[in-house]
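J.: Fold the following, please.
(chains A and B)
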Number of protein chains: 2
Amino acid sequence: MKAKIKITLKRGVLDPQGKAIQGALGTLGFAGVEDVRQGKYIELDLAHTDAAKAKAEAEAMCQKLLANTVIENYEIEIA
Amino acid sequence: MKAKIKITLKRGVLDPQGKAIQGALGTLGFAGVEDVRQGKYIELDLAHTDAAKAKAEAEAMCQKLLANTVIENYEIEIA
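T.: Numbering: from 1, shown residues only, chains lettered A, B, ... in the order given. Predicted coordinates for the structure are as follows:
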């Protein structure tokens, strides 16, 4: 099964990378960009054929390695 | 409107970051991880209130700045 994981900074955590993108978009002439937040996107191919088990494993991976849960949120989608 | 953009490496492009994650997951005892690909995830807050216009603008941003279309694909979701 495939697990698609979005990892984003929590609200309130500074995102200098996002601010840099926002500035660059402004310089390129894109007006009306009110906020930009950059996160990570990870696609996993798991051997599990059971969606619930795959999700539980992906969740454990996020907790242990993929996300820093102090400052990041994650969202898992199994497909 | 919010634009959520996933930027991923095209198939066939080497992904050393993904390989490093795969190795680290193996070391942590997660068996059965067949492949890992890492990409970027960007959330934009746009002033547009029209979904079609917001999508067109996000598309232009991807082409001009956010994605390297030689080696990356992007997917835009407007919410």
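
J.: Mind jotting down where the helices sit in chain A?
T.: Applying DSSP state H to chain A gives helices spanning A:16-27, A:51-61.

J.: Please identify the buried residues of the last one?
T.: This means helix A:51-61. Going by neighbour count (16 or more other CB atoms under 10 Å in any protein chain shown), the buried part of helix A:51-61 is A:54-55, A:57-58, A:61. To be clear about C-beta, it is placed using only N, CA and C from the backbone, and glycine gets the same treatment.

J.: Which members of those additionally contact chain B?
T.: The subset of these lying close to chain B, counting by CB under 8 Å from any CB of the partner chain, consists of A:57, A:61.

J.: Redo the buried residues of helix A:51-61 as CSV? Include pLDDT.
T.: Formatted as CSV, the buried residues of helix A:51-61 follow (pLDDT from 0 to 100):
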residue, pLDDT
A:54, 95
A:55, 96
A:57, 95
A:58, 96
A:61, 97
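
J.: give me phi/psi at the most far-flung residue of chain A relative to its centre?
T.: Distance from the centre of chain A peaks at residue A:29, with 27.0 Å (CA atoms, centre = their mean). Dihedral pair for residue A:29: phi 100, psi 10, per degrees, to the nearest 10.

J.: pLDDT at it, what is it?
T.: Looking at residue A:29, its pLDDT stands at 95.

J.: The one 5 residues further on now?
T.: Looking at residue A:34, its pLDDT reads 96.

J.: Find the nearest non-adjacent residue to it, please.
T.: residue B:45 (4.0 Å; CB to CB, 6 or more residues apart in numbering or on different chains).

J.: dump the residue contacts of the nearest residue to residue A:18 once chain neighbours are set aside.
T.: Leaving out its chain neighbours, the residue that sits closest to residue A:18 by CB to CB, 6+ apart is residue A:36, at 4.2 Å. Contacts for residue A:36 (CB atoms under 8 Å, 6 or more residues apart in numbering or on different chains) come out as A:15, A:18-19, A:21-22, A:25, B:42-45.
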